[in-house]
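Colleague: need coordinates for the following:
(chains A, B, C and D)
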Number of protein chains: 2
Amino acid sequence: MTAATERLGELADAYEPPEPLPLDPELVRALDLPEDLPAELSIAEVAEATGVTAHTLRYYERAGLLEVGRNAAGYRVYDREALARVAFVTRMRLSGMPIELIHRYVELVDAGDGTKPERLALMQAHRAAVLRRLAELRTSLAVIDYKITTYGGDCGP
Amino acid sequence: MTAATERLGELADAYEPPEPLPLDPELVRALDLPEDLPAELSIAEVAEATGVTAHTLRYYERAGLLEVGRNAAGYRVYDREALARVAFVTRMRLSGMPIELIHRYVELVDAGDGTKPERLALMQAHRAAVLRRLAELRTSLAVIDYKITTYGGDCGP
DNA sequence: TCTTGCCTTTGAGTGCGCTCGAAGGTTTAG
DNA sequence: CTAAACCTTCGAGCGCACTCAAAGGCAAGA
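Modeller: Predicted structure coming up:
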């Protein structure tokens, strides 16, 4: 190992978790919910309103991110609160928060007011991750702009 | 389907691809390469300098993102150009560009100057994706800040 | 009554990007 | 001569977040 590589190697520490999100941002941005939705929605209606597929809504529920009431037939019925949580979960996913973390957060919420400090800490940690990601993307954008201004330049630095 | 859901449903169009990146941003930011690296590096040295594991470097090569020379024993030898491409690939990964797209881009680069317009178009499309992602993250940040200022508030809107 | 369509659960499959292990060749120190 | 520490290829495995298929229940219209 050379001195140069050692110097660079010192930077190897904090591991940034992956950040996958197969959702349509436009859709979910709309999810500061409009007022004139019916008070109760079927899963198909929620899917259409939010852009999250019914499959994924069920998956989120299985994963413990969501709780939804049922009608006599056993069908899911989304009231305003359930819909709000769908919006929240979706927004957190778009921000890059992993399912597992969202799960912990909503567990804390459901556990009552005593967990507020913990919730706050969790959200602040996630906020820091989002800030790092924003900085990262801005750096990348600069590189991309450099590539573009040098008009399809090589893969060099 | 209600009128309200229909109104929202109209927004369902452009699908945003996933964006996964298990890399340490700090490391790769350092990859506007320092000058005092040796002219030729082994895979382990490149791994240490960049924070990309040797396994991943080989994977990138298999995926056609990289071409690396060999010594008499068949060992990989990274010269400055190869290292620059590692830096480029890593930066594009961090910006959320999928392997497949990077592959197409470097193919175009290797195909010579005639492909410059195509390269440009590809990079501009990616730039647009990064801008969308930046906007998305800023919106998410606002939601997170709201959650934090209301101190661990519910999952509601 | 039958068909159509939406709903249910369960469990398996998919795609992406790594990540790892096995089996073996090379180089250097003892 | 041998052991340790590199390196090689190949193919399989993993984690995440969906995504889908099968098998069946319910509800409304022809």
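Colleague: would you tell me which helix is longest in chain A?
Modeller: In chain A, taking DSSP state H as the definition, the longest helix is helix A:116-149.
Colleague: give me the element the residue nearest to the spatial centre of chain A is part of.
Modeller: Central residue of chain A (C-alpha atoms, centre = their mean): residue A:93, 1.5 Å from the mean position. Using DSSP states H and E, residue A:93 maps to helix A:80-94.
Colleague: cool, residue A:77 as well?
Modeller: Using DSSP H and E, residue A:77 falls within strand A:76-77.
Colleague: where does chain A have low pLDDT?
Modeller: Applying pLDDT under 70 to chain A flags residues A:1-36, A:151-157.
Colleague: about what we covered before: quick one: the strand holding residue A:77 to chain centroid distance?
Modeller: Per C-alpha atoms, centre = their mean, to the nearest Å, the displacement of strand A:76-77 from the mean C-alpha position of its chain is 23 Å.
Colleague: which bits of chain A sit near DNA strand C?
Modeller: Neighbours of DNA strand C within chain A, by C-beta under 7 Å from any atom of the strand: A:42, A:43, A:44, A:45, A:54, A:58, A:62, A:70, A:74, A:75, A:76. In short, each C-beta sits where N, CA and C put it, glycine included.
Colleague: how far does the helix holding residue A:93 sit from the chain's center?
Modeller: 10 Å.
Colleague: now stretch A:38-51
Modeller: Worked out by C-alpha atoms, centre = their mean, stretch A:38-51 lies 20 Å from the chain centre.
Colleague: say whether DNA strand D is contacted by that stretch.
Modeller: No. Stretch A:38-51 stays clear of DNA strand D (C-beta under 7 Å from any atom of the strand), getting no nearer than 10.0 Å.
Colleague: and residue A:43, how many neighbours?
Modeller: Residues near residue A:43, counting by other C-beta atoms under 10 Å in any protein chain shown, number 19.
Colleague: can you check residue A:41 too?
Modeller: By other C-beta under 10 Å, the residues close to residue A:41 number 25.
Colleague: so what's residue A:144 up against?
Modeller: B:95, B:123, B:126, B:127, B:130 (C-beta atoms under 8 Å, 6 or more residues apart in numbering or on different chains).
Colleague: how about those residues in JSON lines, adding neighbour count?
Modeller: Compiled in JSON lines, the contacts of residue A:144 are given as follows (neighbours: other C-beta atoms under 10 Å in any protein chain shown):
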{"residue": "B:95", "neighbour count": "22"}
{"residue": "B:123", "neighbour count": "23"}
{"residue": "B:126", "neighbour count": "23"}
{"residue": "B:127", "neighbour count": "17"}
{"residue": "B:130", "neighbour count": "21"}
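Colleague: need those in TSV with distance to residue B:109, can you?
Modeller: TSV is the format used below for those (distance: C-beta to C-beta, whole Å):
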residue	distance to residue B:109
B:95	17
B:123	11
B:126	14
B:127	17
B:130	19
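Colleague: could you single out the nearest of those to DNA strand D?
Modeller: Nearest to DNA strand D, judged by C-beta to the nearest atom of the strand, of those is residue B:95 at 18.7 Å.
Colleague: residue A:103: what's its closest spatial neighbour, skipping adjacent residues?
Modeller: Distances taken as C-beta to C-beta, 6 or more residues apart in numbering or on different chains place residue A:64 nearest to residue A:103, at 4.9 Å, with adjacent residues excluded.
Colleague: hmm, that neighbour is touching residue A:105, no?
Modeller: No. Contact criterion C-beta atoms under 8 Å: residue A:64 and residue A:105 do not qualify, at 10.7 Å.
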